[in-house]
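Novice: Here is my input; please provide its structure:
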Amino acid sequence: PSRHAISMGGQTNKRARTGKANGAAKPALLHFYRKPALSASAAATLLRKTKADPALEAVAAIDTEFCFTVELAAELTADEAQALTWLLAETYEADCTAPTSFLAAGRGATVVEIGPRLSYESPWCTNAVAICRACGLGKVVRIERSRRYRVTPALKDKAREGFVAS
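Specialist: Reported below is the predicted structural model:
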């Protein structure tokens with residue numbers, strides 16, 4: 001799959017959005033966030049490898065989360081929304097999944113999101129949509145998963161590009 005930096009900088013949750021553009025209804029989008037995206041050992045390895053780059057040696061911490069972008073054909077009922085949240089949550093850590101990001105960007109941190117290009121439907125998406133349909137969530141058209149990284153301290157443009165490339 002093609003990796004692509006989706007966003008750089010802080011981003012708040014984009015709740016379900018619907019609207020009309022050129023007379024056509026736009027699909028609704030939901031965002032769910034789950035932390036962490038990497039195990040403690042994988043995050044430590046990423047930090048070590050990041051610090052090995054001279055342009056990134058000042059990085060002190062990297063926090064992670066998954067972002068699930070869900071495209072809907074129509075709004076979900078309360079029961080359907082609960083089922084979708086259950087599917088996206090970790091089995092024993094349901095409180096680690098939320099409709100808002102766990103990673104707040106500020107002056108002292110940079111948030112970078114890396115995931116598939118918008119024009120590319122990943123194999124993960126194909127499987128996730130099939131599971132949703134099997135669970136009666138036929139309104140789910142597409143789900144893409146991206147990784148979000150909060151890097152402390154904040155990165156300048158060149159360092160951010162180096163981080164994304166690594």
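Novice: just the helices in the protein please.
Specialist: 40-51, 78-88, 123-134, 157-165 (DSSP state H).
Novice: which parts of the last one are buried?
Specialist: The one in question is helix 157-165. Applying a neighbour-count criterion of 16 or more other CB atoms under 10 Å, one finds 159-160, 162-164 buried in helix 157-165. Bear in mind the C-beta positions are built from the backbone N, C-alpha and C, glycine included.
Novice: Let me see the ranges of the strands in the protein.
Specialist: Taking DSSP state E as the criterion, the chain carries its strands at 3-8, 19-21, 24-26, 28-34, 61-72, 97-98, 110-116, 140-152.
Novice: Mind checking those for the one nearest to residue 44?
Specialist: Smallest distance to residue 44 across the strands of the chain (CB to CB): 9.1 Å, for strand 61-72.
Novice: okay, the angle between that closest one and strand 110-116?
Specialist: 50 degrees (axes from the mean of the first three to the mean of the last three CA atoms, to 10 degrees).
Novice: Please save the CA atoms from strand 61-72 in PDB.
Specialist: Presented in PDB, the C-alpha positions along strand 61-72 are these (Å, rounded to 0.1, in the frame of the first residue of the first chain):
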ATOM      1  CA  ALA A  61       9.000  11.500  22.900                       C
ATOM      2  CA  ILE A  62       6.700   9.900  20.300                       C
ATOM      3  CA  ASP A  63       3.100   9.100  21.200                       C
ATOM      4  CA  THR A  64       0.800   7.200  18.800                       C
ATOM      5  CA  GLU A  65      -2.800   6.500  18.000                       C
ATOM      6  CA  PHE A  66      -4.800   5.000  15.100                       C
ATOM      7  CA  CYS A  67      -7.400   7.200  13.300                       C
ATOM      8  CA  PHE A  68     -10.300   5.400  11.600                       C
ATOM      9  CA  THR A  69     -12.000   7.400   8.900                       C
ATOM     10  CA  VAL A  70     -15.400   5.900   8.200                       C
ATOM     11  CA  GLU A  71     -17.400   6.900   5.100                       C
ATOM     12  CA  LEU A  72     -21.100   6.300   5.500                       C
END
